[in-house]
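*Asks:* Please find the sequence and the predicted model below.
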Amino acid sequence: MIKAINIKDKLELIDELWTPKVIAELNGQQVKLAKIQGEFVWHDHKEEDELFYVLKGKLVMEFRDRKVDVNEGELIVVPKGEEHRPVTKEEVWILLFEPKTTKHTGEVKSDLTVDTPEEI
């Protein structure tokens, strides 16, 4: 069934941090929402690019050799194989667009790893 997806309503269903939720799929890609705060783990994705769109707040995407500020209403694409770590000072709401095969923390296992994201 084709229907509109209300992102604000979906965000209200998310209570935990660093736990992306799938809201749509297309062409082998997943669209996910997440609330994040603090520092994530250093990781990469050998075969997949990732798109981060900031819905609310400010994200700093750290790379080993630089940092990129991503403000509300902006997006960043992290190329495959690029080691990175999202960092925030306050709670940030993001939309992710990535292949369905993308592992949450790449090959790194941590307390934040989500093996199978929940659909909401």
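*Replies:* That came through fine.
*Asks:* List of residues touching whichever strand or helix holds Val87?
*Replies:* For Val87, the enclosing helix or strand under DSSP states H and E is strand 84-99. For strand 84-99, the external contacting residues (C-beta atoms under 8 Å, 6 or more residues apart in numbering) are 7, 11, 17, 20, 28-45, 47-63, 78. C-beta here means a position set from N, CA and C on the backbone, and glycine is covered the same way.
*Asks:* Show me which of those residues are buried.
*Replies:* Judged by neighbour count, with 16 or more other C-beta atoms under 10 Å as the criterion, the buried members of the contacts of strand 84-99 are 11, 20, 29-36, 40-41, 43-45, 48, 50, 52-55, 57, 59, 61-62, 78.
*Asks:* Sitting in helices, which of these do you find?
*Replies:* Among these, the subset assigned to helices under DSSP state H consists of Leu11.
*Asks:* Sort out which of the buried ones among the contacts of strand 84-99 are in strands and list them.
*Replies:* When DSSP state E is applied, the buried ones among the contacts of strand 84-99 are split such that 29-36, 50, 52-55, 59, 61-62, 78 fall in strands.
*Asks:* where does the strand holding Val87 sit relative to the chain's centre, distance-wise?
*Replies:* Chain-centre distance of strand 84-99: 5 Å, with C-alpha atoms, centre = their mean, to the nearest Å.
*Asks:* With stretch 22-35 instead?
*Replies:* Here the centre of stretch 22-35 is set off from its chain's centre by 10 Å, with C-alpha atoms, centre = their mean.
*Asks:* Average pLDDT for it, rounded please.
*Replies:* When pLDDT is averaged over stretch 22-35, the result is 95.
*Asks:* how about it as PDB, C-alpha atoms only?
*Replies:* This file holds the C-alpha atoms of stretch 22-35, laid out as PDB (Å, rounded to 0.1, in the frame of the first residue of the first chain):
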ATOM      1  CA  VAL A  22      13.700   1.900   9.300                       C
ATOM      2  CA  ILE A  23      10.800   4.000   7.900                       C
ATOM      3  CA  ALA A  24      11.100   3.100   4.200                       C
ATOM      4  CA  GLU A  25      12.900   0.900   1.600                       C
ATOM      5  CA  LEU A  26      13.600   1.500  -2.000                       C
ATOM      6  CA  ASN A  27      15.900  -0.100  -4.600                       C
ATOM      7  CA  GLY A  28      17.900  -2.000  -1.900                       C
ATOM      8  CA  GLN A  29      18.200   1.100   0.200                       C
ATOM      9  CA  GLN A  30      16.800   1.900   3.600                       C
ATOM     10  CA  VAL A  31      15.600   5.200   4.900                       C
ATOM     11  CA  LYS A  32      16.200   5.400   8.700                       C
ATOM     12  CA  LEU A  33      15.600   7.900  11.500                       C
ATOM     13  CA  ALA A  34      17.700   8.100  14.600                       C
ATOM     14  CA  LYS A  35      18.200  10.300  17.600                       C
END
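*Asks:* Great, nothing more from me.
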